[in-house]
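# No sequence on hand, only this structure:
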């Protein structure tokens, strides 16, 4: 039923729960599991009172350093997840991808590009006005993707 499963993974507890579900499904159906981590790009604020688009050079360097640290954290978490899965399920075909950009957009693009049969994504379960104001990656993926999606809500 599912030949390729794409799971969004950022190392958080909700994404770990989603990964657990994806591994279970992939193992049952002998599917190929693709684990995608998307590092959100750090945006530099622009302060109008500093002049049009002015930002100190040191701030730009700090942002770049921060982005690189985030990328390293995501990469380490992704590598550990892959090693754990391969140890527990040696016959499961697993591949990992680390990308940068807007997570919801990249997840949808990669699911289409890779012709995934299922997307598995975690949700922090922010509901009501908080979820609406803050938005969520899982909500944006559900709204913009044509692929089947399993949203794994974090247990309370």
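Received, thanks. Computed from a predicted structure; not experimentally measured. Numbering: from 1, shown residues only.
# Now do the contacts for residue 111.
6, 119, 145, 147 (C-beta atoms under 8 Å, 6 or more residues apart in numbering). Placement of C-beta: from N, CA and C, glycine included.
# Name the helix or strand of this structure that has the lowest mean pLDDT.
helix 128-134 (a mean of 46; mean pLDDT, DSSP states H and E).
# Return the set of buried residues in the helix or strand that that helix is followed by.
Using DSSP states H and E, the helix or strand that follows helix 128-134 in sequence is helix 137-144. By 16 or more other C-beta atoms under 10 Å, the buried positions in helix 137-144 come out as 137-142.
# what's the answer for stretch 104-119, then?
Neighbour-count burial for stretch 104-119, with 16+ other C-beta under 10 Å as criterion, is recorded at 104, 106-111, 114, 116-119.
# Would you mind listing the two of those residues that lie farthest apart?
For those, the maximum inter-member distance is 19.3 Å, found between 104 and 117 (C-beta to C-beta).
# Okay, strands next: where are they in this protein?
In the chain, the strands defined using DSSP state E lie at 4-8, 32-39, 93-100, 118-123, 149-153.
# what about this structure, any weak spots by pLDDT?
Within the chain, the segments meeting pLDDT under 70 span 44-61, 125-135, 156.
# Go again with 80.
Along the chain, the model assigns pLDDT under 80 to residues 42-63, 124-135, 154-156.
# So in it, which helix runs the longest?
helix 57-88 (DSSP state H).
# which helices and strands does that helix pack with?
Judged by 3 or more C-beta pairs under 8 Å, 6 or more residues apart in numbering; DSSP states H and E, the packing partners of helix 57-88 are helix 13-29, strand 32-39, strand 93-100.
# how far off strand 118-123 does the first one point, in degrees?
When you say that, I think you mean helix 13-29. Interaxial angle, helix 13-29 versus strand 118-123 (axes from the mean of the first three to the mean of the last three C-alpha atoms, to 10 degrees): 150 degrees.
# Many thanks, we can stop here.
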